[in-house]
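**Q** quick one, structure for this:
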Amino acid sequence: MFQTVFYEQPLNERIRALLRLEFLFQQVEHATACASIWDSRMALQGLFDILDLTGRNEFKGELLKELERHAATLCRLRQTPGVHAATLDRVLAEIACVTNRLHKNLDNLTMDAVRQTDFLSAIHKRHHVPGGACQFDVPALHHWLQQDGVIRNRHLQEWLEPFAPMQEAVILILQLIRESATPRPEMARRGFFQRGLDSTVSNQLIRVMLAPGDGLFPEISAGRHRFAIRFLEQPDPSRRATQSTMDISFGLACCAI
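**A** Residues are numbered from 1 along each chain as shown. Sure, this is the predicted structure:
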């Protein structure tokens with residue numbers, strides 16, 4: 001089956017935060033690849049969301065613990081027959097490199113400096129007000145947006161630089177989780193599928209893969225011991241989605257590491 005569309009359901013708050021951060025870093029990278037005024041606005045919005053999501057002092061410490069947990073899990077695999085030692089060593093070296101970078105930037109002073117920048121702080125306060133970053137609300141922002149796109153992107157990169165080690169850690173952790181399970185073909189009878197989860201392993205993420213153009217999307221609900229998938233049809237977004245009555249072929253990966 002030609003699987004290109006991925007839908008993911010996090011199974012705990014930690015993975016939920018990591019997926020949101022991944023999304024925000026991708027948003028900012030896309031926006032800073034261009035130079036229009038609206039791209040710069042989108043990049044600032046992503047930056048503010050990153051600041052809000054990582055505002056807890058223990059967040060970087062949690063990332064370190066997660067990296068160390070993955071390293072310990074992979075080290076235990078060394079004694080497993082059939083494990084490719086060279087690949088395992090490469091992954092462990094990558095974890096060690098990212099961990100070292102995160103350790104060196106463990107203090108929050110540089111990130112706090114970004115948060116306390118007068119220019120950003122004034123805009124951030126208007127961030128949650130609908131239309132609150134209009135020209136008359138924040139004239140300093142309007143003035144900044146008139147500068148050349150190259151200059152604006154340089155400023156954005158400077159503000160984002162303290163978050164680079166965190167971004168690397170998020171990307172690596174999610175990569176390890178996604179690669180921990182091989183997708184398998186499954187069938188949802190009349191658009192519905194459910195399965196139990198092994199409570200003896202550390203379940204992290206459910207991934208559903210569909211062929212493009214199927215006209216379907218999955219609605220995933222999950223608890224500690226079981227998850228269910230309903231495949232919905234919505235040809236017209238102005239109308240309510242309904243569960244398909246067809247048998248749906250899809251790919252499923254239950255990631256646990």
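**Q** identify the residues contacting Ala241.
**A** By Cβ atoms under 8 Å, 6 or more residues apart in numbering, Ala241 lies in contact with 217, 219, 232-234. All C-beta spots, glycine's among them, are computed from the backbone N, C-alpha and C.
**Q** mind checking which of these are buried?
**A** 232-233 (16 or more other Cβ atoms under 10 Å).
**Q** looking at the contacts of Ala241, which are in strands?
**A** Residues of those located in strands (DSSP state E): 217, 219, 232-233.
**Q** what is the nearest of the contacts of Ala241 to Met246?
**A** The shortest gap between Met246 and any of those belongs to Glu233, at 8.8 Å (Cβ to Cβ).
**Q** just list the residues touching Glu168, thanks.
**A** Applying Cβ under 8 Å, 6+ apart, the residues contacting Glu168 are 98, 101-102.
**Q** how about 7 Å then?
**A** By Cβ atoms under 7 Å, 6 or more residues apart in numbering, the contact list for Glu168 reads 98, 101.
**Q** quick check, pLDDT for it.
**A** In this prediction, Glu168 carries a pLDDT score of 93.
**Q** re earlier: which two among the ones in strands among the contacts of Ala241 are spaced furthest apart?
**A** Among the ones in strands among the contacts of Ala241, Glu219 and Glu233 lie farthest apart (Cβ to Cβ), at 11.3 Å.
**Q** tell me the secondary structure at Tyr7.
**A** For Tyr7, the assignment made with DSSP: H, G, I helix; E, B strand; the rest coil gives strand.
**Q** who's it bridged to?
**A** Beta-bridge partners for Tyr7, by DSSP bridges, are Val208.
**Q** I'd say it and Val208 touch.
**A** Yes - between Tyr7 and Val208 there is a contact at 4.5 Å, judged by Cβ atoms under 7 Å.
**Q** what about those two, which has more around it?
**A** It is Val208, of Tyr7 and Val208, that has more neighbours when counted by other Cβ atoms under 10 Å, with 24 against 15.
**Q** all helices of the stretch 51-200 of the chain, in order?
**A** Ranges of helices within the stretch 51-200 of the chain are 59-76, 85-104, 109-115, 118-125, 139-145, 149-160, 164-178, based on DSSP state H, counting those that start in this stretch.
**Q** the last one: how far from the chain's middle?
**A** Right, the one you point to is helix 164-178. Put simply, helix 164-178 sits 9 Å off its chain's centre (Cα atoms, centre = their mean, to the nearest Å).
**Q** the third one too?
**A** Centroid separation between helix 109-115 and its chain, computed with Cα atoms, centre = their mean, is 22 Å.
**Q** what does the second one give?
**A** When distances are taken as Cα atoms, centre = their mean, helix 85-104 is centred 20 Å away from the chain's centroid.
**Q** so which bits of that helix are buried?
**A** 91-92, 95, 98-99, 102.
**Q** identify the farthest-apart pair in those residues.
**A** Between all members of the buried residues of helix 85-104, the farthest pair (by Cβ to Cβ) comes out as Val91 and Leu102, at 16.5 Å.
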